[in-house]
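S.K.: Show me the folded form of this:
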Amino acid sequence: MDIKALIKNKGIGYWICTGASVLSLILAIIVFASWDNALPNAVTDGYLIGIVLIFPILIQAAVTFFPIRFTNVLSVILYGIAFGLTALRVAAAFADFFNNVAYQGGQFGMCVFYAVAVIVLGVAGVASCFFKQTKDEKYII
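M.R.: Model prediction:
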């Protein structure tokens with residue numbers, strides 16, 4: 001298999017989704033490094049956000065060599081799950097911020113960063129669904 005021809009055949013949608021999955025990996029690393037201090041005190045499983053954010057990079061690595069139609073939808077679903085997990089875990093920090101109390105702990109700025117970053121990844125994933133994944137439109141499935 002010629003890697004140069006393989007990469008040359010990739011369309012804009014593939015590159016958008018690849019960029020989003022690389023940013024997803026970076027965000028997962030940030031989450032793993034900071035969730036314990038950033039999320040409210042009651043959250044003991046913030047690492048789940050990072051685990052879900054790792055899967056899009058694995059999917060994109062597989063799609064690089066085995067082009068399958070509509071795999072970007074899987075990434076969008078994973079970003080949606082990651083946003084749901086994030087929203088459940090940052091709600092107390094948002095409530096504390098808007099009520100001007102510091103009862104639950106956590107860092108409001110990092111909670112906003114988690115939420116906004118996952119939303120941006122989801123938007124990029126949705127956008128990549130509207131572009132060609134391969135230039136020759138040949139897929140395994």
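S.K.: Check Met1 and give its pLDDT.
M.R.: Among the per-residue scores, Met1 holds a pLDDT of 65.
S.K.: again but with Thr134, I slipped
M.R.: The model reports Thr134 with a pLDDT of 90.
S.K.: Equivalent analysis for the one 5 residues further on, please.
M.R.: Turning to Tyr139, the model gives it a pLDDT of 82.
S.K.: list the contacts for it?
M.R.: Neighbour list for Tyr139: 67-69, 133 [criterion: Cβ atoms under 8 Å, 6 or more residues apart in numbering]. Any C-beta I mention is one placed from the backbone N, CA and C, and that applies to glycine too.
S.K.: Which of the residues you listed lies at the shortest distance from Ala115?
M.R.: Gln133 (28.2 Å; Cβ to Cβ).
S.K.: burial count for that closest one?
M.R.: By other Cβ atoms under 10 Å, 24 other residues sit near Gln133.
S.K.: hang on, it packs against Gly13?
M.R.: Yes - contact between Gln133 and Gly13 holds when scored by Cβ atoms under 8 Å: they sit 4.9 Å apart.
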